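In: My questions concern the predicted model and sequence given below.
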Amino acid sequence: MTADPTARTDLAARHGLSTDRMPRHVAIIMDGNGRWAAQRGEPRRVGHTAGEAALFDAVEGSIELGLEVLTVWAFSTDNWKRPKAEVAFLMDFNRDLLRRRAHELDERNVRVRFIGRRERPVPRAVRDEIAWGEGLTADNTGLVLQVAFNYGGRAELTDAARAIAADVAAGRLAPDQVDEDAIRERLYAPSAPDVDLLVRTSGEQRLSNYLLWETAYAELVFTEVLWPDFDREELARCVAAYQGRDRRFGRVHQPPR
Ligand code: IPE
Ligand code: IPE
Ligand code: MG
């Protein structure tokens with residue numbers, strides 16, 4: 001880890017990035033662990049384990065680039081359909097990873113926040129670790145690292161709809177007050193800005209039910225790199241691709257005079 005104050009400009013400069021057009025919020029679908037392991041004749045869990053270094057290098061790169069929010073997908077609501085042994089491994093792995101690395105994130109002034117459904121079947125030991133890690137880093141003011149865990153985009157929107165229905169039924173909200181802000185306020189992380197850049201590794205080109213609301217106007221960048229081979233340099237290449245895009249948000253750009 002580096003405390004070099006010029007590091008931010010170094011990574012940006014190496015990739016020709018303009019520091020005033022950095023994305024505020026980058027979301028990553030960390031994909032390809034199983035294939036990375038298979039290429040080496042190893043079981044899938046070896047790929048998950050190897051992904052830890054990629055994640056922490058991406059966190060360092062995000063700090064260097066001055067991102068506000070990095071959201072990474074650790075476990076989806078559909079990943080429960082995987083073999084029992086892999087699910088159990090991923091639960092233990094994520095709990096241990098947080099336990100081992102939370103102090104390091106804290107020292108880097110990173111604020112850790114989990115998004116997703118926290119109730120069962122998430123094991124109590126994992127839920128306790130999540131609450132501890134969030135509490136430990138709650139006052140930090142640097143990068144916000146959002147970990148999507150037992151996360152599904154439709155589940156998030158369903159939970160928001162249910163919260164709205166409860167508020168309407170209780171008389172706290174009138175039906176004609178249900179607007180986009182009312183939905184946004186009931187998402188898992190209402191204070192986070194919309195996703196500017198969505199990165200998926202491993203060559204797959206789909207959302208798989210990730211951040212459906214938040215990515216409405218995100219620029220999508222797909223890289224062939226398998227997640228365990230990802231690092232801050234690849235992150236910067238993705239940001240370079242983002243900076244080459246023309247974001248119009250439905251508008252027409254004025255022709256140059
Ligand atoms: C991403 O890698 C990690 C999780 C989904 C937990 P995969 O496990 O999906 O790896 P591939 O896509 O099978 O290679
Ligand atoms: C999405 O990847 C979930 C995570 C990265 C945690 P998957 O590998 O589960 O998605 P599909 O099955 O290829 O769509
Ligand atoms: Mg996958």
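Out: Thanks, I have it. Residues are numbered from 1 along each chain as shown. Ligands and ions are numbered 1, 2, ... in the order given.
In: list the contacts for the residue in the chain positioned nearest to ligand 2?
Out: Closest approach between the chain and ligand 2, counting by Cβ to the nearest ligand atom: Ser208, at 3.5 Å. All C-beta spots, glycine's among them, are computed from the backbone N, C-alpha and C. Residues near Ser208 by Cβ atoms under 8 Å, 6 or more residues apart in numbering: Ile29, Ser76, Asp78.
In: Could you list the residues of the stretch 51-200 of the chain in contact with ligand 1?
Out: For the stretch 51-200 of the chain, the residues in contact with ligand 1 (Cβ under 6 Å from any ligand atom) are Phe75, Asn79, Leu90.
In: Please list only the buried members of these.
Out: Neighbour counting with 16 or more other Cβ atoms under 10 Å marks Phe75, Asn79, Leu90 as buried within those.
In: Could you pick out which of these are located in strands?
Out: Phe75 (DSSP state E).
In: can you put the buried ones among the residues of the stretch 51-200 of the chain next to ligand 1 in TSV and add pLDDT?
Out: Conversion of those to TSV gives the following (pLDDT from 0 to 100):
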residue	pLDDT
Phe75	98
Asn79	98
Leu90	98
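In: near ligand 2 too, which of the buried ones among the residues of the stretch 51-200 of the chain next to ligand 1?
Out: Okay, of these touching ligand 2 (Cβ under 6 Å from any ligand atom), that's Phe75, Asn79.
In: Now tabulate the buried ones among the residues of the stretch 51-200 of the chain next to ligand 1 in CSV and tack on distance to Glu129.
Out: Output for those, formatted as CSV (distance: Cβ to Cβ, whole Å):
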residue, distance to Glu129
Phe75, 13
Asn79, 18
Leu90, 14
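In: who are the neighbours in contact with Gly142?
Out: Ile63, Arg108, Asn109, Val110, Arg111 are the contacts of Gly142 under Cβ under 8 Å, 6+ apart.
In: Tell me the pLDDT of the third one.
Out: Looking at Asn109, its pLDDT reads 98.
In: Give the closest residue to it in space, chain neighbours not counted.
Out: Closest residue in space to Asn109, ignoring its immediate chain neighbours: Gly142 at 3.4 Å, by Cβ to Cβ, 6 or more residues apart in numbering.
In: how near is the one you found to ligand 1?
Out: Gly142 sits 26 Å away from ligand 1, going by Cβ to the nearest ligand atom, to the nearest Å.
In: pLDDT wise, what is that residue at?
Out: Per-residue confidence (pLDDT) for Gly142: 98.
In: Please apply the same query to the one 3 residues further on.
Out: The predicted local confidence for Leu145 comes out at a pLDDT of 98.
In: Tell me the buried residues within the contacts of Ser208.
Out: Buried members of those, counted by 16+ other Cβ under 10 Å: Ile29, Ser76.
In: of all the contacts of Ser208, which comes closest to ligand 1?
Out: Scanning the contacts of Ser208 for proximity to ligand 1, where the rule is Cβ to the nearest ligand atom, the winner is Ser76, at 6.6 Å.
In: Three-state assignment for the residue nearest to Asn109, please.
Out: Put simply, Gly142 is coil when judged by DSSP: H, G, I helix; E, B strand; the rest coil.
In: quick one: stretch 171-186 to chain centroid distance?
Out: Centre-to-centre, stretch 171-186 and its host chain are 26 Å apart (Cα atoms, centre = their mean, to the nearest Å).
In: Tell me which residues of that stretch come out buried.
Out: Of all the residues in stretch 171-186, those buried under the rule 16+ other Cβ under 10 Å are Leu173, Ile183, Arg186.
In: mind checking the SS state of the second one?
Out: Classification of Ile183 by three-state DSSP places it in helix.
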